[in-house]
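*Asks:* A structural model of the following input is requested.
(one chain, ligands or ions: 4)
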Amino acid sequence: MSSTIIRNASRQAVRAAKAAQVPTSTRGLSMLARAASPAVASLSKQRNAYPLHMQSRGVKTMDFAGTKEVIYERSDWPTEKLQEYFKNDTLAMIGYGSQGHGQALNARDNGLKVIVGVRKDGASWKEAIEDGWVPGETLFPIDEAINRGTIIMNLLSDAAQSATWPEIAPLITKGKTLYFAHGFSVVFKDDTKVVPPKDVDVILVAPKGSGRTVRTLFKEGRGINSSIAVWQDVTGKAKEKAVGLGVAVGSGYLYETTFEKEVYSDLYGERGVLMGGIQGMFRAQYEVLRKNGHSPSEAFNETVEEATQSLFPLIGQYGMDYNLKDYMYAACSTTARRGALDWAPIFEAANKPVFEKLYESVKNGTETRKSLEFNGRKTYRQDLEKELAEINDQEIWRAGKTVRALRPDAKRDE
Ligand SMILES: NC(=O)C1=CN([C@@H]2O[C@H](COP(=O)(O)OP(=O)(O)OC[C@H]3O[C@@H](n4cnc5c(N)ncnc54)[C@H](OP(=O)(O)O)[C@@H]3O)[C@@H](O)[C@H]2O)C=CC1
Ligand SMILES: CC[C@](O)(C(C)=O)C(=O)O
Ligand SMILES: [Mg+2]
Ligand SMILES: [Mg+2]
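*Replies:* Ligands and ions are numbered 1, 2, ... in the order given. Okay, the predicted model is just below:
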């Protein structure tokens, strides 16, 4: 059974490598094979089952649809090397939201010295204690954590990074490293006023997934993909540190970018297909079905449930590769294929102007200013919760709750 899975994944990886014009003997196969089959990834972890040619061997240049890019892999940074490299460092995780939590716990589990810094009266302080951080030992108020740290990981909310900068900036003294998970604060410095001191390395590791996923993938022995970038390299080691820290916080592989490219693409993606776009598209389709007399369950199933349970995972595993039997199009009927091929360009044309507008709004700082204003309010948590509760209360998501409860594997605590 396992050898069949590996053989199939290997074939898929070879095909994918050919499509990407990468020689099949290169080290990219491990990543391609893992993308092709999570089953193989888990088998590999359990039994070290990868054939040699599929094992990952670190930094490499790969061909992404005709463009060569450098990527870094966890295999270049085994735990012993991480621990040795950062043996004189204290990672001060400032902020304990979704990312702070995931990255701090992963780095701690990788054997690095990590402390957490958050405000004492906030929700994060309590959450950190629940996760085993000890006040006075590994959990401190923000200023004290920065004083104790050598690598200052500023993972406060983007708005809080701006609001707290006047107090934080003087504490970022020569010899420390300033680390972000987003390009927001320094790229939009005219709005945020975050200008790092000239004598410290400034780096970024931006996981391309939620902090919760950063943690769960790490615990499963897998790894998120992250972007890395350098804003300021004083020591000549900034990039190396970024890669090492990227691995320490749970990345499986890392792509090199710039602070600007990271923040533009990130703000754009989350407002677009990843969150805002998909939410809007789901709702529009659902509402039209309902207006035409379809029941809530039918409208939900045909819009969200089938997408998340069946078709999107196929895209995740195989993309749209027509060579593979299980890719999304091949797995659907010829009737569906015909209709989808006809309608895809119509949706593309309708959406393109919206995406153009969105990109412009990101690049000219409008999105940043809105975020700073809203998330900078004292009442930001309550204000957000109120709006999110309104979404929860929309019929589509109430119907979804019942649909999910019917899944045979459903957790019954919703
Ligand atoms: N969420 C994600 O998965 C991703 C996030 N990022 C980036 O990582 C960084 C952190 O994001 P995320 O983890 O989502 O955290 P949030 O944006 O949810 O921020 C939460 C943290 O900010 C603190 N905070 C908020 N306001 C203040 C304030 N005025 N003073 C002091 N502390 C404050 C909160 O503390 P308290 O509990 O005390 O309010 C909490 O610890 C951001 O740069 C974000 O863009 C990057 C990739 C993905
Ligand atoms: C998609 C949202 C995100 O950009 C992320 C999880 O990557 C974020 O800012 O949370
Ligand atoms: Mg993101
Ligand atoms: Mg983001």
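*Asks:* how does this protein divide into domains?
*Replies:* Per the record, the chain has its domains at 60-257, 272-406, by the TED database.
*Asks:* closest one to Asp266 among these?
*Replies:* Comparing the domains of the chain by their distance to Asp266 (Cβ to Cβ), the top pick is domain 60-257, with 6.4 Å. To be clear about C-beta, it is placed using only N, CA and C from the backbone, and glycine gets the same treatment.
*Asks:* quick check: mean pLDDT of the top helix by length along the chain?
*Replies:* The longest helix of the chain (DSSP state H) is helix 334-363. Taken as a whole, helix 334-363 has an average pLDDT of 97.
*Asks:* quick check: buried residues in that helix?
*Replies:* For helix 334-363, a neighbour-count test (16 or more other Cβ atoms under 10 Å) marks 351, 358-359, 361-362 as buried.
*Asks:* what of stretch 175-192?
*Replies:* 176-188, 191-192.
*Asks:* what about the strands in the stretch 251-400 of the chain?
*Replies:* Along the stretch 251-400 of the chain, counting by DSSP state E, counting those that start in this stretch, strands occupy 251-256.
*Asks:* about what we covered before: using JSON lines, lay out the domains of the chain together with distance to ligand 1.
*Replies:* Listed next are the domains of the chain as JSON lines, based on distance: least, Cβ to the nearest ligand atom, whole Å:
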{"stretch": "domain 60-257", "distance to ligand 1": "2"}
{"stretch": "domain 272-406", "distance to ligand 1": "7"}
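*Asks:* please identify the most buried of those.
*Replies:* Scoring those by mean neighbour count under mean count of other Cβ atoms under 10 Å gives domain 60-257 as the most buried, with a mean of 19.
*Asks:* got any ranges where the stretch 51-200 of the chain has weak pLDDT?
*Replies:* Applying pLDDT under 70 to the stretch 51-200 of the chain picks out residues 51-58.
*Asks:* helix, strand, or coil at whatever residue of it ends up closest to ligand 4?
*Replies:* Per Cβ to the ion, His182 is where the stretch 51-200 of the chain lies closest to ligand 4, at 6.2 Å. Secondary structure, DSSP: H, G, I helix; E, B strand; the rest coil: His182 is coil.
*Asks:* correct me, but Tyr253 touches Arg74?
*Replies:* Yes: Tyr253 lies in contact with Arg74 (Cβ atoms under 8 Å); the separation is 6.8 Å.
*Asks:* please name the residues that touch the residue of the stretch 51-200 of the chain closest to ligand 4.
*Replies:* Applying Cβ atoms under 8 Å, 6 or more residues apart in numbering to His182 gives the contacts 158, 204, 206, 262-263, 266.
*Asks:* near ligand 2, which residues of the protein are found?
*Replies:* Counting by Cβ under 6 Å from any ligand atom, the residues of the chain close to ligand 2 are 208-210, 266, 270, 274-275.
*Asks:* may I see the residues you listed arranged in a markdown table, with pLDDT as well?
*Replies:* Listed next are the residues of the chain next to ligand 2 as a markdown table, based on pLDDT from 0 to 100:
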| residue | pLDDT |
| --- | --- |
| Lys208 | 97 |
| Gly209 | 96 |
| Ser210 | 97 |
| Asp266 | 98 |
| Glu270 | 98 |
| Leu274 | 98 |
| Met275 | 98 |
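*Asks:* out of those, which sit inside helices?
*Replies:* Secondary structure defined by DSSP H assigns 266, 270 of those to helices.
*Asks:* closest to Lys237 out of the residues of the chain next to ligand 2?
*Replies:* Lys208 (24.2 Å).
*Asks:* which residue, other than its chain neighbours, is closest to that closest one?
*Replies:* Distance criterion Cβ to Cβ, 6 or more residues apart in numbering; nearest residue to Lys208, sequence neighbours excluded, is Asn225 at 5.2 Å.
*Asks:* show the pLDDT at that neighbour.
*Replies:* 97.
*Asks:* which residue does the protein bring closest to ligand 2?
*Replies:* Glu270 (3.7 Å; Cβ to the nearest ligand atom).
*Asks:* go ahead and confirm that residue touches Gly276.
*Replies:* Yes: counting by Cβ under 8 Å, Glu270 does reach Gly276; the two are 7.2 Å apart.
*Asks:* I'd like the next helix or strand past the longest strand along the chain.
*Replies:* Secondary structure of the chain per DSSP state E: the longest strand is strand 224-232. Scanning forward in sequence from strand 224-232 by DSSP states H and E, the next helix or strand is helix 238-248.
*Asks:* same question for that next one, mean pLDDT?
*Replies:* Helix 238-248 comes out at a mean pLDDT of 98.
*Asks:* give me the distance from that helix to the chain's centre.
*Replies:* On the basis of Cα atoms, centre = their mean, to the nearest Å, helix 238-248 sits 16 Å off its chain's mean C-alpha point.
*Asks:* just checking, what packs against that helix?
*Replies:* On a contact count with 3 or more Cβ pairs under 8 Å, 6 or more residues apart in numbering; DSSP states H and E, helix 238-248 meets helix 79-85, helix 98-109, strand 177-180, strand 201-207, strand 224-232, strand 251-256.
*Asks:* give the phi and psi angles for Lys198, as a check.
*Replies:* With angles defined as degrees, to the nearest 10, Lys198 sits at phi -70, psi -20.
*Asks:* over to Phe188?
*Replies:* Dihedral angles (degrees, to the nearest 10) for Phe188: phi -100, psi 50.
*Asks:* tell me who's in contact with it.
*Replies:* Counting by Cβ under 8 Å, 6+ apart, Phe188 touches 263, 365, 368.
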